[in-house]
Structure formats: C-alpha cells, structure tokens
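J.: Mind looking at a prediction? Sequence and model below.
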Amino acid sequence: MPAKNFGTYEDFMEGLKLFDKESNGMMSLAELTQVLVAMAEKLDPRIVEEILRSTETKDDAEGMFNYDIFVKALLKGPFPNEST
C-alpha cells in the first residue's frame with residue numbers, strides 16, 4: 001500500500017516560515033508544538049512530542065531549533081504504519 005502524501009518539503013517549509021518571526025530558519029520547540037497542535041485536527045501534544053523524539057529534533061541553549069533539519073528528518077520517515 002502506498003504511503004499517504006503528507007506534503008512536500010516545500011509545503012512544510014512554506015508553512016513553518018510563516019511562524020519564523022526572525023526569518024532565520026529557527027523556531028522554538030514550544031512554537032512548533034503549538035503550530036502542529038493548532039493546524040492538525042485533534043493532534044494530541046503527546047503525538048507531537050513523539051514526532052520530535054523520532055526525528056531527533058534538539059533545541060539549542062536558547063530553546064531554538066533549525067526547522068529545515070526537522071522537516072528533512074520528518075519526511076525521511078520511518079512511518080510506523082507503512083508496510084516494508
């Protein structure tokens with residue numbers, strides 16, 4: 001069964017850039033969690049935490065992370081419901 005199309009790299013980047021207040025490719029993990037919960041219907045914050053863990057998204061000393069790296073890791077997978 002083919003994987004669902006969750007969007008392209010460009011789609012994700014375009015959406016996240018709207019929330020990048022300083023236009024520097026960085027945002028806080030708290031902001032990302034808030035955006036994902038607000039945009040995805042009924043997305044539980046615990047699911048967002050799991051996504052962040054599975055993509056190994058880490059914030060820096062100021063609580064910011066590079067969302068380009070997050071999007072690339074997210075699109076790379078793995079996707080638990082995909083058959084191999």
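T.: Yep, that arrived. Numbers count the residues shown, from 1 in each chain.

J.: Need the three-state assignment for residue 27.
T.: Here residue 27 is recorded as strand under DSSP: H, G, I helix; E, B strand; the rest coil.

J.: average model confidence for the host helix or strand of residue 46?
T.: Here residue 46, judged by DSSP states H and E, is contained in helix 45-54. Mean per-residue pLDDT for helix 45-54: 78.

J.: tell me what the next helix or strand after that helix is packed against?
T.: Following helix 45-54 in sequence order, the next helix or strand is strand 64-66 (DSSP H and E). Using 3 or more C-beta pairs under 8 Å, 6 or more residues apart in numbering; DSSP states H and E, the elements in contact with strand 64-66 are strand 26-28. For glycine as for every other residue, the C-beta is placed from the backbone atoms N, C-alpha and C.

J.: Pull the residues that contact the strand it packs on.
T.: Strand 26-28 is contacted from outside by 16, 19-21, 59, 63-67, using C-beta atoms under 8 Å, 6 or more residues apart in numbering.

J.: pLDDT and neighbour count for these - can I get that in a markdown table?
T.: As requested, the contacts of strand 26-28 are exported to a markdown table (pLDDT from 0 to 100; neighbours: other C-beta atoms under 10 Å):
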| residue | pLDDT | neighbour count |
| --- | --- | --- |
| 16 | 89 | 19 |
| 19 | 87 | 13 |
| 20 | 89 | 14 |
| 21 | 86 | 10 |
| 59 | 79 | 16 |
| 63 | 84 | 12 |
| 64 | 89 | 16 |
| 65 | 87 | 20 |
| 66 | 89 | 16 |
| 67 | 90 | 23 |
